[in-house]
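S.K.: just the structure for this:
(2 chains)
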Number of protein chains: 2
Amino acid sequence: MTKGTHIDQLQTPVAIIDEDVMDANIKVVQRYFDEIGRSFRPHIKTHKIPALARKQVEAGAIGINCQKISEAEVFANAGFNDILITFNMLGDDRLARLKALNDRVGLQVVADNEVVVRALASTFAKNAPLKVLVECDTGAGRNGVQSPEDALALALKINAEEGLTFHGLLTYPKANTEDAVEAFFSKTISLLKEQGLACPVVSHGGSPSLLDSHLVKSATEHRAGTYIFNDRAMVRAGLCDFDDCAMHVVATVVSRPTETRAVLDSGSKALTSDLLGFEDYGHVVDYPEASITALSEEHAVVDLSKCSKKPEIGERLRIIPNHTCVVSNLYDQLVFHKSGHVSAVETVAARGCVT
Amino acid sequence: MTKGTHIDQLQTPVAIIDEDVMDANIKVVQRYFDEIGRSFRPHIKTHKIPALARKQVEAGAIGINCQKISEAEVFANAGFNDILITFNMLGDDRLARLKALNDRVGLQVVADNEVVVRALASTFAKNAPLKVLVECDTGAGRNGVQSPEDALALALKINAEEGLTFHGLLTYPKANTEDAVEAFFSKTISLLKEQGLACPVVSHGGSPSLLDSHLVKSATEHRAGTYIFNDRAMVRAGLCDFDDCAMHVVATVVSRPTETRAVLDSGSKALTSDLLGFEDYGHVVDYPEASITALSEEHAVVDLSKCSKKPEIGERLRIIPNHTCVVSNLYDQLVFHKSGHVSAVETVAARGCVT
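M.R.: Just a heads-up that it's a prediction; the model follows:
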């Protein structure tokens, strides 16, 4: 695929990124964090591409956020040296790789339980200690200690290990719960202070209420990924408009079996089955009344019954996915364009990094 | 990863295949089709691995079924020479690739509309014609002509093109609708006969009612993929037991934030978000009362409230996915084992073939 090719010439399905929209998204969010005086650490899961993380860092981000050791290795190899891995690390092979990575880059990880702390402690030594944040469950119901008292207890355990450095707190919050997050963090910080423990990093995160991050006053940094491309869920959350969505999946109408049904060549291998609370599988930009009601691996079935005009066989449609991060994981490459002409093609370098 | 390694030593998440179970699945289904005297054409989407398709062909399958030109090219390069692509082909680049492929292997494709027939007709010439089946919508509500009369009309159009050969009928049916499929096929066949059109292939398909294929008396072949690994949906359909499921995703418990919650390192990147009508994301073999209630990209949240015994942090769990085909598309490699010891590692050669 050569630069300058018009996107209408690309074989479908294809995931394309409007570079101008993406660049604007990077700027808007970085400006917000600059204005509230808070560090910003983008999550690379949305794009998995070092060149894009470089743009984010050049705009002012302090480093990057990964979830897997294999992702962190890809980005370390590409020259990134401030990496936070927000996942409990277990397993001999994984711990050995973590140790090797900690010798090469500025690394931080999380822990929310003693088993993980013991595994880390048995891997790292005093001469090259590992920075560990305590992950707190502030209401999202995923990982995390359940109370400020439990956070303190785990911080003390980390602090007691000579190969580990207690480095702060972290949460992946439920959207729109800034008060609860702040209550959890500030209580924990005061408990830590009573015990004489410094807490350099207080890491808040999440995309849907990204621009309310200032309400969590005790946080020192924010982590988020989706904003770089945006998606239908971000529009629903009020963070942006459809025009701010940089990623489109372009699909072709391959069949019109009935008056009210179209079938596209973009199935779950192109759009994913991620509903994220929606009832259908993406927003069809060119036919907003159309509804993608079912996906099989290669087929998207579209209900056209509410459409005044209807697409013809052979027509190409742009779809804004429900959840952009999971779409990036399906493609070997993302195609970038400016005003419809291909400006770059990037390999999704950390695609499929499951371990 | 070396042969003989115990699966407990593999980094998680990992998709493993019990080779003995897989081999038994291949045999059972091929024997059924041998007994009813019908050709069987496995769909490669379930594994995307030439070595496995070879086993299926060696067991008696007549050829393979792909859905994308890129998949077909992978398998043609691996030596397969009887390939049916069950997807409407549109787009200059795709048609050029289809023409090149038709010069190399025995190829058949489908069409369900005139636009596709015209596109194929403009690509293929009399000296190397393309075999085209008419896809029929017998109730699944995806692609396909809507009536036997429409099937006849399209068959006549194909027959009128000197670069195309009308080669038969095909359907991807709704499960347990063998009577409706047979009614559609037999009516169409009699209409074709009246017009003097031969119909060498009548291709039935689908997994959930695979073993009722004999009820579609006019069919000459069956297409199905899932049976080679089986999955939770096949168990629900009564086609097999959990013991017949060859694919497990092995995950590690990385957190136990509360008495009733576990978190695994197998998120939607390891299990997919495909619910396939289930309410949760897979069957936990070792804790059948556990329910995987939510997935984010790297986390699986498990509700343990109904479990009498509960897994500990660090424990490895085997999960039977809801839908095995979409899981294969997430991994660069599948790991095969016999009685828990690695017997082979195969690259998922046609993974990510979206075009």
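
S.K.: got the CA coordinates for stretch A:18-36 in PDB?
M.R.: Output of stretch A:18-36 as PDB, limited to C-alpha atoms (Å, rounded to 0.1, in the frame of the first residue of the first chain):
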ATOM      1  CA  ASP A  18      -7.600  10.000  10.600                       C
ATOM      2  CA  GLU A  19      -4.200  11.400  11.600                       C
ATOM      3  CA  ASP A  20      -5.400  15.000  12.000                       C
ATOM      4  CA  VAL A  21      -8.200  13.900  14.300                       C
ATOM      5  CA  MET A  22      -5.800  11.700  16.300                       C
ATOM      6  CA  ASP A  23      -3.300  14.600  16.600                       C
ATOM      7  CA  ALA A  24      -6.000  16.900  17.800                       C
ATOM      8  CA  ASN A  25      -7.200  14.300  20.400                       C
ATOM      9  CA  ILE A  26      -3.600  14.000  21.700                       C
ATOM     10  CA  LYS A  27      -3.400  17.700  22.100                       C
ATOM     11  CA  VAL A  28      -6.800  18.300  23.800                       C
ATOM     12  CA  VAL A  29      -6.200  15.700  26.500                       C
ATOM     13  CA  GLN A  30      -2.600  16.700  27.200                       C
ATOM     14  CA  ARG A  31      -3.700  20.300  27.400                       C
ATOM     15  CA  TYR A  32      -6.300  19.400  30.000                       C
ATOM     16  CA  PHE A  33      -3.700  17.600  32.200                       C
ATOM     17  CA  ASP A  34      -1.200  20.400  31.700                       C
ATOM     18  CA  GLU A  35      -3.800  22.900  32.900                       C
ATOM     19  CA  ILE A  36      -4.700  20.900  36.000                       C
END
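
S.K.: check the offset of it from the chain's centre.
M.R.: Relative to its chain's centre, stretch A:18-36 lies at 15 Å (C-alpha atoms, centre = their mean, to the nearest Å).

S.K.: who touches it?
M.R.: A:39-40, A:52, A:55-56, A:59-61, A:210-211, A:213-214, A:222, A:224, A:227-230, A:240, A:243-246, A:248, A:336-339, A:343-344 (C-beta atoms under 8 Å, 6 or more residues apart in numbering or on different chains). Where you see a C-beta, it was placed from the backbone N, CA and C, and this is true even at glycine.

S.K.: which of those fall in helices?
M.R.: Mapping the contacts of stretch A:18-36 onto helices (DSSP state H) picks out A:52, A:55-56, A:59.

S.K.: mind putting these in JSON lines, neighbour count and distance to A:Ala175 included?
M.R.: Listed next are the ones in helices among the contacts of stretch A:18-36 as JSON lines, based on neighbours: other C-beta atoms under 10 Å in any protein chain shown; distance: C-beta to C-beta, whole Å:
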{"residue": "A:Leu52", "neighbour count": "22", "distance to A:Ala175": "24"}
{"residue": "A:Lys55", "neighbour count": "19", "distance to A:Ala175": "26"}
{"residue": "A:Gln56", "neighbour count": "23", "distance to A:Ala175": "22"}
{"residue": "A:Ala59", "neighbour count": "17", "distance to A:Ala175": "24"}
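
S.K.: now render those as JSON lines, adding pLDDT.
M.R.: Formatted as JSON lines, these follow (pLDDT from 0 to 100):
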{"residue": "A:Leu52", "pLDDT": "98"}
{"residue": "A:Lys55", "pLDDT": "98"}
{"residue": "A:Gln56", "pLDDT": "98"}
{"residue": "A:Ala59", "pLDDT": "98"}
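
S.K.: what's the closest of these to B:Met89?
M.R.: A:Leu52 (33.5 Å; C-beta to C-beta).

S.K.: distance of A:Val327 from A:Leu271?
M.R.: Counting by C-beta to C-beta, to the nearest Å, the separation of A:Val327 from A:Leu271 is 7 Å.

S.K.: mutual contacts of those two, please.
M.R.: Taking C-beta under 8 Å, 6+ apart as the contact rule, the neighbours common to A:Val327 and A:Leu271 are A:249, A:321.

S.K.: so who does the residue nearest to A:Asn176 when sequence neighbours are not counted touch?
M.R.: Closest residue in space to A:Asn176, ignoring its immediate chain neighbours: A:Ser209 at 4.9 Å, by C-beta to C-beta, 6 or more residues apart in numbering or on different chains. Shown in contact with A:Ser209 (C-beta under 8 Å, 6+ apart): A:173, A:175-178, A:237.

S.K.: can you flag the buried ones in those residues?
M.R.: Buried subset of the contacts of A:Ser209 (neighbour count, 16 or more other C-beta atoms under 10 Å in any protein chain shown): A:173, A:177-178, A:237.

S.K.: so of those, which ones are in helices?
M.R.: A:Glu178.

S.K.: ok, of the buried ones among the contacts of A:Ser209, which one's closest to chain B?
M.R.: A:Pro173 (13.0 Å; C-beta to the nearest C-beta).

S.K.: in contact with the residue nearest the centre of chain A, which residues?
M.R.: With distances taken as C-alpha atoms, centre = their mean, the residue of chain A nearest its centroid is A:Gly225 (3.5 Å). With contact set as C-beta under 8 Å, 6+ apart, A:Gly225 has these partners: A:42-47, A:65, A:207, A:325.

S.K.: how far away from the center of its chain is the top strand by length along chain A?
M.R.: Longest strand of chain A, by residue count under DSSP state E: strand A:247-258. Distance, stretch centre to chain centre, for strand A:247-258: 27 Å (C-alpha atoms, centre = their mean).

S.K.: now do stretch A:114-125
M.R.: Distance, centroid of stretch A:114-125 to centroid of chain: 27 Å (C-alpha atoms, centre = their mean).

S.K.: next one: phi and psi at A:Leu152?
M.R.: Dihedral angles of A:Leu152 (phi, psi; degrees, to the nearest 10) stand at phi -60, psi -50.

S.K.: for it, which non-adjacent residue is closest in space?
M.R.: Using C-beta to C-beta, 6+ apart, the closest residue to A:Leu152 is A:Leu191 (4.3 Å).

S.K.: and A:Leu156, by the same measure?
M.R.: In space, A:Leu156 is closest to A:Gln195, 6.6 Å off (C-beta to C-beta, 6+ apart).

S.K.: what's the spacing between the one you found and chain B?
M.R.: For A:Gln195, the distance to chain B (C-beta to the nearest C-beta, to the nearest Å) stands at 23 Å.

S.K.: got it, and A:Thr272?
M.R.: For A:Thr272 relative to chain B (C-beta to the nearest C-beta), the value is 6 Å.

S.K.: just checking, what packs against the one helix or strand the residue nearest to A:Leu152 maps to?
M.R.: Using DSSP states H and E, A:Leu191 sits within helix A:178-194. Helices and strands touching helix A:178-194, by 3 or more C-beta pairs under 8 Å, 6 or more residues apart in numbering or on different chains; DSSP states H and E, are strand A:130-136, helix A:148-159, strand A:164-171, strand A:201-205.
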